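Chemist: after the sequence you'll find the predicted model.
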Amino acid sequence: MSGQTFIRVSPEDFDLSEETARIRAANPQSGAIVSFVGVVRNKNDGSDVAAMSLEHYPGMTEKALGAIIESARARWSIDDVTVIHRVGDLAVGDQIVLALVSSAHRREAFEACEFIMDWLKTEAPFWKKEKTPEGERWVDARESDDLARDRWGTRS
């Protein structure tokens with residue numbers, strides 16, 4: 001059975017409990033729900049961070065996220081997948097991203113969730129700008145993110 005995919009890219013925050021309850025109610029066959037929540041941290045690359053602004057390419061971003069999720073579905077037996085990514089101005093401590101995966105078994109849910117996040121970090125068109133005491137700066141791609149993605153091989 002192919003599960004549901006829910007993707008939202010918007011400035012609105014999300015509620016992990018509500019999103020988990022929605023997936024639980026829709027999937028009595030699921031024995032595992034794995035979540036990842038990314039949060040704005042107060043330091044990056046040795047500098048203090050006061051806030052972050054995220055931009056995206058509407059339409060293209062959702063399409064890229066959908067392709068990543070479909071690649072995860074091709075690799076693992078998973079039920080529902082939710083990816084919510086916020087854009088706009090965010091403060092330290094604000095939630096940025098939610099990846100939520102349900103499956104009959106924990107291994108598939110853990111691996112699929114990690115795969116989705118590794119590919120999202122490098123392949124989804126988001127641009128981050130940090131506000132620091134020294135001024136604003138764009139966040140460059142990290143080699144560690146590329147290495148995390150590359151360990152999975154190609155997407156499909």
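Modeler: Now that the structure is in, tell me what you want to look at.
Chemist: low-confidence ranges, this protein, go.
Modeler: 1-2, 155-156 (pLDDT under 70).
Chemist: look up how far F14 lies from Y57.
Modeler: 21 Å (Cβ to Cβ, to the nearest Å). C-beta: built from backbone N, CA, C; applies to glycine.
Chemist: buried ones in the helix or strand containing M52?
Modeler: Using DSSP states H and E, M52 sits in strand 51-56. Neighbour counts over strand 51-56 (16 or more other Cβ atoms under 10 Å) mark 51-52, 54, 56 as buried.
Chemist: hmm, who's touching that strand?
Modeler: Contacts to strand 51-56, defined as Cβ atoms under 8 Å, 6 or more residues apart in numbering, come from residues 9, 40, 85-92, 96, 124-131.
Chemist: of those, keep whichever come out buried.
Modeler: 9, 40, 85-87, 90, 96, 124, 126, 128, 130-131.
Chemist: hang on, R149 packs against E123?
Modeler: Yes. The pair R149 / E123 is scored as a contact, 7.3 Å apart, by Cβ atoms under 8 Å.
Chemist: so between the two, which is more surrounded?
Modeler: Ranked by neighbour count (other Cβ atoms under 10 Å), R149 and E123 place R149 first, with 19 against 16.
Chemist: now that one: how far from V83?
Modeler: Taken as Cβ to Cβ, the span from R149 to V83 is 16 Å.
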